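Novice: here is my input; please provide its structure:
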Amino acid sequence: MPPRPRFDRRAPVRELPNINDRISYPQLRVVDADGSQLGVITREEALEVAKDRELDLVLVSEKADPPVCRIMDYGKYKFEQEKKAKEAKKKSHQTEVKEVKMRYKIDSHDYQVRIGQAVRFLKDGDKVKCTVIFRGREIQHTALAEQLLYRMARDLEESAEIQQDPKREGRNMIMFLSPRKTPLAKEKDAAAAATKAVRTIEVNREISREVNREGSREPTRI
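Specialist: Numbering: from 1, shown residues only. Take a look at the predicted model:
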């Protein structure tokens, strides 16, 4: 087929799979739906077998001699292949850095909009660059910008963790958030358990000291 013109706006030609009547080879090696070999038979015989089973004859390998076909439910096969391709695409998602910009004097509504944007980015597995922009003399209020960024980190703590603390860069102050790997509830439970364990050890040490002191005292003479 000759190459299409560079600016050809026609829809691309869809390549149809070689199944059923679109298979033109006279002799075929056929594999049945259950995996058993039907041997080398004619195209007409293979189509008749597929028709009797209410399935499709699908060309698997045309480079073999003779070409290999399989009897299967092509619609189901195509659906499973598309599903596998989508799952593979999800797993191969490359992390990107998405930016959320605002002013330190941002109002409540706009702030919630920025929070919503950040949540969507984090759910997609992307990192978020939170940027506070200074204009003119606003550069004097870096402390307020830092407070705003930490507030955003607290509001997003269910979905994100701080990768880089607020830092001034030129006329901006930025903070990086990354998707939270461990659910926040588990982290809190682990921290509480660690604190409880430390307290238990300290109490046990105090009890041991008291016992040792009691044991080291001389018996009272009468």
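Novice: what's around the closest residue in space to residue 159 that isn't next to it in sequence, how many residues?
Specialist: Spatially, and ignoring its direct neighbours in sequence, residue 159 is nearest to residue 122 (4.5 Å; C-beta to C-beta, 6 or more residues apart in numbering). The C-beta positions use only the backbone N, C-alpha and C, and glycine is treated the same way. For residue 122, the neighbour count with other C-beta atoms under 10 Å is 21.
Novice: any stretches of this structure with poor pLDDT?
Specialist: 1-16, 92-93, 184-222 (pLDDT under 70).
Novice: please enumerate the helices of it.
Specialist: 43-52, 74-91, 108-123, 142-155, 184-216 (DSSP state H).
Novice: counting contacts, what elements does the lengthiest strand in the chain pack onto?
Specialist: Counting by DSSP state E, the longest strand found in the chain is strand 160-169. Here strand 160-169 touches helix 142-155, strand 172-179, going by 3 or more C-beta pairs under 8 Å, 6 or more residues apart in numbering; DSSP states H and E.
Novice: now the angle from the longest one to strand 160-169?
Specialist: Between helix 142-155 and strand 160-169, the angle formed by their directions is 170 degrees, by axes from the mean of the first three to the mean of the last three C-alpha atoms, to 10 degrees.
Novice: and the angle from helix 142-155 to helix 108-123?
Specialist: Using the same axes, to 10 degrees, helix 142-155 lies at 60 degrees relative to helix 108-123.
Novice: just the CA coordinates of helix 142-155, formatted as CSV?
Specialist: Provided in CSV are the C-alpha atoms of helix 142-155 (Å, rounded to 0.1, in the frame of the first residue of the first chain):
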residue,chain,number,x,y,z
THR,A,142,7.3,34.6,53.0
ALA,A,143,6.3,33.5,56.5
LEU,A,144,2.6,33.6,55.6
ALA,A,145,3.3,31.7,52.4
GLU,A,146,5.1,29.0,54.4
GLN,A,147,2.1,28.8,56.8
LEU,A,148,-0.2,28.3,53.8
LEU,A,149,1.9,25.6,52.3
TYR,A,150,2.1,23.7,55.6
ARG,A,151,-1.7,24.1,55.9
MET,A,152,-2.1,22.5,52.5
ALA,A,153,0.1,19.6,53.5
ARG,A,154,-2.0,19.0,56.6
ASP,A,155,-5.2,19.1,54.5
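Novice: flag every buried residue along that helix.
Specialist: Under the neighbour-count criterion of 16 or more other C-beta atoms under 10 Å, helix 142-155 has 145, 146, 148, 149, 152, 153, 155 buried.
Novice: phi and psi next, for the residue nearest the centre of the chain.
Specialist: With distances taken as C-alpha atoms, centre = their mean, the chain has residue 125 as the residue nearest its mean C-alpha position (5.4 Å). In terms of degrees, to the nearest 10, the main-chain angles of residue 125 are phi 90, psi 10.
Novice: how much space between it and residue 147?
Specialist: As judged by C-beta to C-beta, to the nearest Å, residue 125 and residue 147 stand 28 Å apart.
Novice: what about residue 27, neighbour count?
Specialist: 13.
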